[in-house]
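Asker: Compute the structure for the input listed below.
(chains A and B)
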There are 2 protein chains.
Amino acid sequence: MSLSVIDAAHHSQLLNFERTILAKQAQIEAWFRAQWRKHRAPFYGSVDIRNSGYKLASIDMNLFPGGFNNLNPNFLPLASIAAIDAVERACPEAHSVLLIPENHTRNTFYLQNVYALFCILRHAGMQVRIGTINPDITESTVFTTANGDHITLEPVQRQGNRLYLADGFNPCLILLNNDLSGGVPDILHNLEQALLPPLKAGWTTRRKSTHFHAYNQVAAEFAHLIDIDEWTINPFYEVCSGMDFSTHEGENHLAEAVERVLQRIQQKYDQMGITDRPFVIVKADAGTYGMGVMTVHSADDVRGLNRKKRNKMAKIKEGLAVTEVIVQEGIYTYETLHNAVAEPVVYMMDRFVIGGFYRVHEDRGPDENLNAVGMHFIPLQQNIASVNSDIVGEEVKSKRVFEQWENLGITVADNANQANDCENIRLYVYGVLARLSLLAAAIELENMPD
Amino acid sequence: MSLSVIDAAHHSQLLNFERTILAKQAQIEAWFRAQWRKHRAPFYGSVDIRNSGYKLASIDMNLFPGGFNNLNPNFLPLASIAAIDAVERACPEAHSVLLIPENHTRNTFYLQNVYALFCILRHAGMQVRIGTINPDITESTVFTTANGDHITLEPVQRQGNRLYLADGFNPCLILLNNDLSGGVPDILHNLEQALLPPLKAGWTTRRKSTHFHAYNQVAAEFAHLIDIDEWTINPFYEVCSGMDFSTHEGENHLAEAVERVLQRIQQKYDQMGITDRPFVIVKADAGTYGMGVMTVHSADDVRGLNRKKRNKMAKIKEGLAVTEVIVQEGIYTYETLHNAVAEPVVYMMDRFVIGGFYRVHEDRGPDENLNAVGMHFIPLQQNIASVNSDIVGEEVKSKRVFEQWENLGITVADNANQANDCENIRLYVYGVLARLSLLAAAIELENMPD
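Answerer: Numbering: from 1, shown residues only, chains lettered A, B, ... in the order given. Sure thing, here's the model as predicted:
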C-alpha cells in the first residue's frame, strides 16, 4: 500500500504529533487498558478520520458498521479473536449467534459485508445464522453477494421473549448490524436473549451530540495524559434543536450557532498561525449514511437555503425528519493518495483495531492517476457512512476507491524522537484516534438510559 | 507466499482431512473455547508440524519459543492483543514486564527474536525492560541484533523475593524466554512476582513424555469430536529410561522399544495400505534445540552405536547428560516448497495462533530452485528447535529458509465438501493441530507439581 501524502505545509506538524504519540505509546496503551477495565467496549465500531496535519480527529463514530468486506482479509482472524472476547462476555457459553442485518437486500456490497461478518463469527467457532426483520422476506432466501458468495436470510420468529428461526434455531446472542434508523421494531423489544449492540445504540435514540459530549471528556483526559493541546484532537461543536428545514424554521438560530463556531475556529487558527478558511459541517444529530450533511463556510450559507438543500437536510434515512443538528468544526483533509483526497476509515471489534482503509474520492482528483494503479473501484452503495456533503448530492454516480491497509500499525523505531513518518506509525496513530472515539461511545452508551 | 506442495500420492488424503476439519470448524472452535475455560493456555508456544498427507501432527512443542523475528510483522498487533490477555490474567494491573532471554548473546538472530518480543509487549502498552541472568554481563549493555536493531540487556538484581534492575525498575511480571536447560538459577526461585512460563516448564523439569502423555488425552478427545482415526493426528511413542549412551548402557532396552514402535507403525501402515517404510525418532526426553535426536529405521540402528552418534546423543544443550529418551513414530514429510522439504512451524500467544512459517531445508533440495525466488537465507543459529537428525550433525554449515506466512488461515468456502486445498485452509488446519499441542501443554503443566 502507498501511504497517503500529507500536504507539505502541514507535514512537519503531523510528524511532531506522531512522535509525541510514539514516545508515549506505553502510557497510551496502559491508559486504554485501564479505561477498558472501567468501560465496556461496544461490540464493534468504525470511525472516519480527518487529518489536516495540525489537527487529527475522527468526526463520526458508527456503532453498526458496514464495510467489513473492505478490510484486509488477512486480519479477519484478528477480528475473530476480538469477537470471541466480546461474545463470551455477553454470554459465556455462546455457541450460536443470530446476525440481523439491514433490510436493504439489493445492495450486494452490503450483503458482502454481511458475509464477512458471518465468516468472522464462524471462524470464532460460533454457529451463525442470518435472520432478517425485513417483512418482504417471508421464507428462507439465498442471496448472492457482490463477490459471488452466498448468504441465506431467514425470517426471524418470536416466541415469548425469544427469537428463533423456523427450524427451531435458538440463538444465545443476537448481533445487530442494523442501525434501527427506522425505529425499533416490536419484535426486538424486551428480548431475554443477549442483544448487541443494545437497542439504545440505534439511531432511533442515539444522538451525535451525546457522543461528542462523551468525546469531550475522553479527549480532555487523553490530551492531559500525553500533554498536547486538546483542540488538536477535538473539533468544536454546538447543537441546534427545533429545526424544520422544510419551513425555514430555526434557520436564524442555526446561523448564529454557525457564526459562533466559525469564530471560535478563526480565533484558534489565528492563535496557531493557521491560514486556512474556517468551515463547519452541519449534520443531523440522529443521522447516518452521509445523509443530512452540509458544508458551511459562513452563517449566510444557512440562511434562505434553496429548496434542493433544504430537501437534502430535511429528511434522512428511512424518511426520518431532521429537527436537531450539530454544527461541527470542519477539519481540512490534507491527505491524498494518488492526488485524490483520502480519508482513513478504521474498524474496531471490541477493544481492538482490526483493519482499515483509505476512502479515496475519485471525483476530487484527476482520474488518470486513480486508474493507473489497477485499484478496485466500488460504486458508492451507501454501505459506508460519509459526512462529505459534496459527495452526498451525487450518490448515484460518485465512485470511491477503498485502499485496504496492509498492516495495522506498530512502532518499530528504537527512538521515537528520531522516527520518521511511515505507514506503521501513521496507522498506529489512526488506531489511537479511533479508539478514543470507541471509548467515547462506550461512555455514551453507559450514560444513556436503557 | 507459495503454498507447499504435497506429494501427489498423498494429496487426496490431505484434502479429505482438510474437508473434515473445515466441515466441523464451528464445533472445533467451540470445543477449543470450552477447553480454554477449563485449562489455562501457556503464555506462548511454538510447534513443529510434520505432514505426510495421511498423517499430520506437531512433533515438538516449545514453551520458550525463539524465532518471533521470523513471523510476519503484519501479525504483531495480533500477538500484542493475545499478550494483553495473558499478561492481564497474570497480573491485572501490569504496567511493567521484565523479559529474561537466553544467555547466548552472540547469536544475533536470537537477539532479533528478543527484540520482536520486546516490540510485541511494548505495543501492548507494557513498560518492557530486558533483564539478563548471564553472569558475564555485569552492567547494562547494548547489543545489536541481526537486522541492526538495538536492545539493552541489564543484569537482574534480587532484593528479598523480588527482581529489580539497577535503577529500581520493579516489574510486575517476569517473562522467561530462557528454557532453563542448564537448571533453574537460584535468583529465580521463590519470587513473589508473577513469572511466566512457570519454572516447571523449563527443561530442568519438563519431559517430552509428559507432554505426549497429555497429548494422548487431547488427541483422543479431538478425534472423537470430529470422528477421525486418532492415529492420523497422534504418533505412537514409548519412553526409555536408564540410558547412558557413553557406555552403551540401555542400548538393548532401547532397541526393543524401537522394535515395538516400528511394529505398531507397520501394522497400522498395512491396515491403511501405506507402503512407506516405518521409522522412529529417538530423542532426549528433556532435550531441545534439535540436539540429542536420531532417525532410526530398525532396531539394529541403535545397537552398537558408533562414537560419533553416541556423543551426539549423550549430551544436549548446556552439557546435560541424556538418560531418558522417547522413541516416537516418525512422520514422513511430503511437503515441499520449491522442491525442498518444508516443515510448518506455528507460533501461538496465549490461546491464539499469531503466525508461522515454513522451515525449508536447503540441503535437501536442489539449491538452484531455492535461490531462484529471492528468498532470505538465514544460517541455522540454533534459535529454532528441530528434531531432524540429518540436519543436526551439520549444524554449522546447514542453512534454512524461513518462508513467512502471509495469512493465518480462515475458511472462505461456502461448502466445506467442495473446498479445495488452498493456503487459507491448509494454514487453518495447521493452526488447529498446533492448538491441540498447546492444549496438551496446558494440561501437562497442570499435572506437574509446582
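Asker: Could you give the bridge partners of the nearest residue to A:Asn51 once chain neighbours are set aside?
Answerer: The shortest distance from A:Asn51 to any non-neighbouring residue, by C-beta to C-beta, 6 or more residues apart in numbering or on different chains, is to A:Glu335 (5.1 Å). Where you see a C-beta, it was placed from the backbone N, CA and C, and this is true even at glycine. Going by DSSP bridges, A:Glu335 is paired in beta bridges with A:Ile6.
Asker: Next, count neighbours for A:Glu335.
Answerer: A:Glu335: 26 surrounding residues under other C-beta atoms under 10 Å in any protein chain shown.
Asker: Can you give me the pLDDT of it?
Answerer: We have a pLDDT of 82 for A:Glu335.
Asker: Distance check, it against A:Leu176.
Answerer: 32 Å (C-beta to C-beta, to the nearest Å).
Asker: Give me the spatial nearest neighbour of A:Tyr332, chain neighbours excluded.
Answerer: Nearest non-adjacent residue to A:Tyr332 (C-beta to C-beta, 6+ apart): A:Ser52, at 4.2 Å.
Asker: Please report phi then psi for whichever residue of the stretch 201-350 of chain A sits closest to chain B.
Answerer: Residue of the stretch 201-350 of chain A nearest chain B, by C-beta to the nearest C-beta: A:Asp350 (9.5 Å). Main-chain dihedrals, A:Asp350, degrees, to the nearest 10: phi 50, psi -130.
Asker: Quick check, it in contact with A:Ser80.
Answerer: No - using C-beta atoms under 8 Å, A:Asp350 is not in contact with A:Ser80; the gap is 11.0 Å.
Asker: which regions of chain A lie under the pLDDT threshold?
Answerer: A:1-2, A:94, A:287-292, A:316-320, A:362-402, A:410-421 (pLDDT under 70).
Asker: sec struct for the closest residue to chain B within the stretch 301-450 of chain A, please.
Answerer: Relative to chain B, the nearest point of the stretch 301-450 of chain A is A:Leu408 (4.3 Å; C-beta to the nearest C-beta). On the three-state scheme (DSSP: H, G, I helix; E, B strand; the rest coil), A:Leu408 is labelled coil.
Asker: Could you give the number of residues near it?
Answerer: 28.
Asker: ok, and the closest non-adjacent residue to it?
Answerer: In space, and not counting its chain neighbours, A:Leu408 is closest to B:Pro77: 4.3 Å by C-beta to C-beta, 6+ apart.
Asker: Ok, A:Asn161 next?
Answerer: Once flanking residues are discounted, A:Asn161 sits nearest to A:Glu192: 4.3 Å by C-beta to C-beta, 6+ apart.
Asker: Is that neighbour part of a helix or strand, or is it coil?
Answerer: Three-state call for A:Glu192 (three-state DSSP): coil.
Asker: Phi first, then psi, for it.
Answerer: Torsion angles, degrees, to the nearest 10, at A:Glu192: phi -90, psi -20.
Asker: how far away is it from chain B?
Answerer: Distance of A:Glu192 to chain B, given as C-beta to the nearest C-beta, to the nearest Å: 22 Å.
Asker: follow-up on the earlier one: ok, so what distance separates the residue nearest to A:Tyr332 from chain B?
Answerer: From A:Ser52 across to chain B, the span is 26 Å (C-beta to the nearest C-beta).
Asker: So which bits of the longest helix seen in chain A are buried?
Answerer: In chain A, assigned by DSSP state H, the helix with the most residues is helix A:423-447. For helix A:423-447, burial by neighbour count (16 or more other C-beta atoms under 10 Å in any protein chain shown) applies to A:424-445.
Asker: ditto for stretch A:38-51
Answerer: Neighbour count says stretch A:38-51 has A:39-51 buried, by 16+ other C-beta under 10 Å.
Asker: Could you identify the most distant pair in the residues you listed?
Answerer: Spatial extent of these (C-beta to C-beta) is set by the pair A:Arg40 and A:Asn51 at 28.8 Å.
Asker: ok, back up a step: contacts only, for the residue nearest to A:Tyr332.
Answerer: By C-beta atoms under 8 Å, 6 or more residues apart in numbering or on different chains, A:Ser52 lies in contact with A:10, A:276, A:331-334.
Asker: residue ranges for the helices of chain A, please.
Answerer: Secondary structure of chain A, counting by DSSP H: helices at A:8-23, A:25-38, A:76-90, A:108-123, A:208-226, A:251-272, A:307-314, A:367-372, A:389-392, A:423-447.
Asker: Just want the angle from the fifth one to helix A:8-23.
Answerer: Between the axis of helix A:208-226 and that of helix A:8-23 there is an angle of 70 degrees, by axes from the mean of the first three to the mean of the last three C-alpha atoms, to 10 degrees.
Asker: just checking, what packs against helix A:208-226?
Answerer: When contacts are defined as 3 or more C-beta pairs under 8 Å, 6 or more residues apart in numbering or on different chains; DSSP states H and E, helix A:208-226 packs onto helix A:25-38, strand A:237-240, strand A:325-329, helix A:423-447.
Asker: can you give me the angle the first one makes with helix A:423-447?
Answerer: For helix A:25-38 against helix A:423-447, the angle by the same axes, to 10 degrees is 20 degrees.
Asker: Does at least one residue of helix A:25-38 sit close to chain B?
Answerer: Yes - against chain B, helix A:25-38 shows contacts by C-beta under 8 Å from any C-beta of the partner chain at A:25-33, A:37.
Asker: Chain B: which of the buried residues of stretch A:38-51 is nearest?
Answerer: A:Ala41 (12.6 Å).
Asker: Tally up the residues packed near the nearest residue to that closest one once chain neighbours are set aside, please.
Answerer: The spatially closest residue to A:Ala41, leaving aside those adjacent along the chain, is A:Arg351, at 4.6 Å (C-beta to C-beta, 6+ apart). Other residues near A:Arg351 come to 22 when the count uses other C-beta under 10 Å.
Asker: Just to check, A:Arg351 is in contact with A:Arg435?
Answerer: Yes - counting by C-beta under 8 Å, A:Arg351 does reach A:Arg435; the two are 7.4 Å apart.
Asker: Mutual contacts of those two, please.
Answerer: Between them, A:Arg351 and A:Arg435 share these contacting residues under C-beta under 8 Å, 6+ apart: A:Phe32.
Asker: sorry, back to before: how near is the residue nearest to A:Ala41 to A:Pro344?
Answerer: 19 Å.
Asker: Please apply the same query to A:Asn70.
Answerer: A:Asn70 is 12 Å from A:Pro344, by C-beta to C-beta.
Asker: list residues touching both of these two?
Answerer: Both A:Asn70 and A:Pro344 are contacted by A:Phe357, under the criterion C-beta under 8 Å, 6+ apart.
Asker: mind putting the residues of helix A:25-38 next to chain B in CSV, neighbour count included?
Answerer: Listed next are the residues of helix A:25-38 next to chain B as CSV, based on neighbours: other C-beta atoms under 10 Å in any protein chain shown:
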residue, neighbour count
A:Gln25, 20
A:Ala26, 18
A:Gln27, 14
A:Ile28, 21
A:Glu29, 21
A:Ala30, 20
A:Trp31, 17
A:Phe32, 20
A:Arg33, 20
A:Arg37, 11
